[in-house]
Structures are given as structure tokens and as C-alpha cells.
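>>> coordinates only, sequence not included:
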């Protein structure tokens, strides 16, 4: 799911040395915006990239960054996915969207909700 719609939309890097990328010459000092959610849907890396497939094989997602720039909180985020989400669904098995307006953060960098109205059905 993180490949399909990750929480971190973009990161910024400063070019340190001249580099050629997809026919574009990057110069030292230039800023480069790395659009992680776009990279996670790159058709050169993923077959049918806009399809949700939780059993998909292929390159790992970049939702938490990579290498020296990996998110320090990624182990906590994975733990939340393994413990908190099943706990919420176990506690409220009838939870569903209430039909209200979803409110998203206004940010190019972080993706998340300010409000997501829900209701619990018995």
C-alpha cells in the first residue's frame, strides 16, 4: 500500500557534482525534487503501476526513502501497520467512512489527513 500511496510526496536534494540523468545535465548547487510517490508508480519499474496489488513483486517501494536518507521513523511506521491498524479493526469491526468531507494536509512534501469522518456499525 505504501508503494501505491505513500506518506512522503517529495524530498529535496542539492546536486554535489555534475550528473547526467535521463538526458538532463544536473549542475552542482542545483536543487532536485525527488517525487517519491511518482517514482513508486514509474511504469519502467512496475508493471501496471496504478493497480493496487498487495502481492506485487518487483523493486521495493521508496515511501521511506533509501540508504543514507531513509526515514528514521520507518520501523515505528511498520509497527503501527502491524499492530495499531489490526487493533482498530478488531475493536471496531464495523468501522466505515461516514460520508463526510475528507480533509487533506496542504503540503507537497507530506501526505496525510486532517480529518476523516468515520462511523461504527454494529
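The structure has been received and is ready for your questions. Just so we're clear, the structure is a prediction, and the values are computed from it rather than from any experiment. Numbers count the residues shown, from 1 in each chain.

>>> helices of this structure, start to end?
Using DSSP state H, the helices of the chain run over 36-39, 74-79, 85-91.

>>> and the longest one, average pLDDT?
Averaged across helix 85-91, the pLDDT comes to 93.

>>> of the helices of the chain, which stretch is the most buried?
helix 36-39 (a mean of 18; mean count of other Cβ atoms under 10 Å). (Glycine included, C-beta is placed from N, CA and C.)

>>> not counting that helix itself, show me its contacts.
Residues outside helix 36-39 that contact it (Cβ atoms under 8 Å, 6 or more residues apart in numbering) are 5-6, 8-11, 45, 62-63, 65, 111.

>>> now, among those residues, which is nearest to residue 121?
Checking the contacts of helix 36-39 against residue 121 with Cβ to Cβ, the nearest one is residue 5 at 25.1 Å.

>>> ok, now which ones touch the closest one?
Residue 5 makes contact with 37, 111 under the criterion Cβ under 8 Å, 6+ apart.

>>> could you do residue 117 as well?
Counting by Cβ under 8 Å, 6+ apart, residue 117 makes contact with 97-102.

>>> okay, who's weakest in the residues you listed by pLDDT?
Minimum pLDDT for those is recorded at residue 100 (83).

>>> counting neighbours, what do you get for that one?
As a burial measure, residue 100 scores 11 neighbours (other Cβ atoms under 10 Å).

>>> just residue 9 next, same as before
Residue 9 has 18 neighbouring residues, counting by other Cβ under 10 Å.

>>> contact partners for it?
Listed by Cβ under 8 Å, 6+ apart, the contact partners of residue 9 are 35-37, 107-111.
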